[in-house]
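Novice: Could you work out the structure for the sequence below:
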Amino acid sequence: MTAVTDGTAAAQKAATLIEALPWLERFHGETVVVKYGGNAMTDEGLRQSFAQDVVFLRYVGLKPVVVHGGGPQINAQLDRLGMRSTFRAGLRVTTPETMDVVRMVLTGQVNREIVGLINEHGPFAVGLSGEDAHLLTARRLRAEVDGELIDIGEVGEVESVNPGAVSALLADGRIPVISSVARSASGGVLNVNADTAAAAIAIELGAAKLVLLTDVAGLYPNWTGKDAASAAQARPFSQLTADELAALMPGLSDGMIPKMAACLSAVRGGVAQAHVLDGRLPHAILLEIFTDSGIGTMVQPGGTPTATAQTQQASPTHRSFRTGQPEEGDHVSD
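Specialist: The predicted structure follows:
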């Protein structure tokens with residue numbers, strides 16, 4: 001009986017590996033940009049599974065690039081220093097004093113922690129700031145609130161990407177880990193949204209995928225986020241085209257706007273697929289890339305309706321609907 005049970009377990013493991021084969025073939029040698037944020041950054045078990053996922057991608061022939069913010073860590077440090085943090089239109093209002101803390105936390109603390117986690121599995125990760133080698137250049141951003149443009153301080157919008165240093169690291173088999181701080185063409189540094197920074201880098205690198213890890217299971221069509229009833233009835237979109245997403249943008253909550261705008265920008269800029277995944281799910285990256293069912297919300301280029309009314313179902317075959325065959329998106333610094 002034990003032998004039969006063991007044999008069944010082995011067969012199940014083999015089936016899982018075989019299920020991944022067409023996706024391994026499809027994405028071998030491709031660049032995947034992953035924005036790392038949310039609870040996946042603060043829960044120790046999720047931190048470990050994230051590092052394992054990234055190293056797995058590297059070992060099976062993909063080229064992962066990690067872009068990160070660090071909202072929880074920034075908030076904690078600001079609290080320790082007694083500095084008040086506010087948000088407008090989903091963006092952190094960043095005073096010069098706050099910017100010093102943001103820069104210190106993102107580049108000096110969070111980046112080093114992520115590099116260390118990945119390098120427990122081998123000499124792969126190399127830490128970068130968006131300032132390094134002019135990787136990210138940003139212009140000062142003003143946010144629109146109730147039809148009025150407001151100053152949100154040392155906050156930038158990515159204007160250009162110089163991918164030379166990242167490309168060199170990828171060619172050397174390394175995993176670039178990039179903090180979302182950018183140089184300003186007019187001098188100084190700016191805090192940039194990690195989602196939009198990841199999208200800009202993905203476009204410039206010609207990435208096959210942009211993956212945004214967050215604290216929700218995807219983009220929800222019916223959940224207002226204000227009551228338990230709407231949450232119970234909600235299911236995330238499985239797939240959207242760029243035009244479908246654009247039509248939904250005006251009705252999105254502040255927290256989802258930067259994420260979905262990043263997905264929209266990426267696919268309109270040449271990235272084949274952009275995904276918003278629940279980073280609270282262990283190994284979410286592997287489940288999306290290497291299984292037939294997939295998870296989260298996927299955005300693809302184009303305007304032909306595919307799944308505006310198609311949400312995640314219990315059936316394990318929704319990726320076949322989403323992609324046909326294997327040939328085939330918060331606050332600043334979060």
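Novice: Setting aside sequence neighbours, what's the nearest residue to A194?
Specialist: With Cβ to Cβ, 6 or more residues apart in numbering as the measure, G69 is the residue that lies nearest to A194, at 3.4 Å, once sequence neighbours are left out. (C-beta placed from N, C-alpha, C; glycine too.)
Novice: A207 now?
Specialist: Beyond its immediate neighbours in the sequence, the residue positioned closest to A207 (Cβ to Cβ, 6+ apart) is T31, lying 4.3 Å away.
Novice: quick one, what contacts that neighbour?
Specialist: With contacts defined as Cβ atoms under 8 Å, 6 or more residues apart in numbering, T31 is in contact with L62, K63, P64, V65, L170, A202, L205, G206, A207, A208.
Novice: Could you list which of these belong to strands?
Specialist: Counting by DSSP state E, the part of those found in strands is K63, P64, V65.
Novice: Surely the residue nearest to A194 and V102 touch.
Specialist: No: taking Cβ atoms under 8 Å as the definition, G69 is not a contact partner of V102, at 9.4 Å.
Novice: and the residue nearest the centre of the chain, what element?
Specialist: Per Cα atoms, centre = their mean, the C-alpha nearest to the average position across the chain is that of L212, at 1.9 Å. Secondary-structure assignment from DSSP states H and E places L212 in strand 209-214.
Novice: For that strand, which helices and strands make contact with it?
Specialist: Packed against strand 209-214, as judged by 3 or more Cβ pairs under 8 Å, 6 or more residues apart in numbering; DSSP states H and E, are the following elements: strand 31-36, helix 194-205, helix 257-268, strand 273-278, helix 284-290.
Novice: Could you tell me how far the fourth one lies from the centre of the chain?
Specialist: Translated: strand 273-278. Centroid displacement of strand 273-278 relative to its chain, using Cα atoms, centre = their mean, to the nearest Å, is 7 Å.
Novice: counting contacts, what elements does that strand pack onto?
Specialist: Judged by 3+ Cβ pairs under 8 Å, 6+ apart, the packing partners of strand 273-278 are strand 209-214, helix 257-268, helix 284-290, strand 297-300.
Novice: Can you list the buried residues in the strand or helix carrying A76?
Specialist: Following DSSP H and E, the helix or strand that holds A76 is helix 71-80. Along helix 71-80, these residues count as buried under the neighbour rule (16 or more other Cβ atoms under 10 Å): G71, P72, Q73, I74, N75, Q77, L78.
Novice: And the residue nearest to A194, how far from P301?
Specialist: Here G69 is placed at a distance of 26 Å from P301 (Cβ to Cβ, to the nearest Å).
Novice: In this structure V126 contacts G116, no?
Specialist: No: distance between V126 and G116: 12.0 Å, which falls outside the contact criterion (Cβ under 8 Å).
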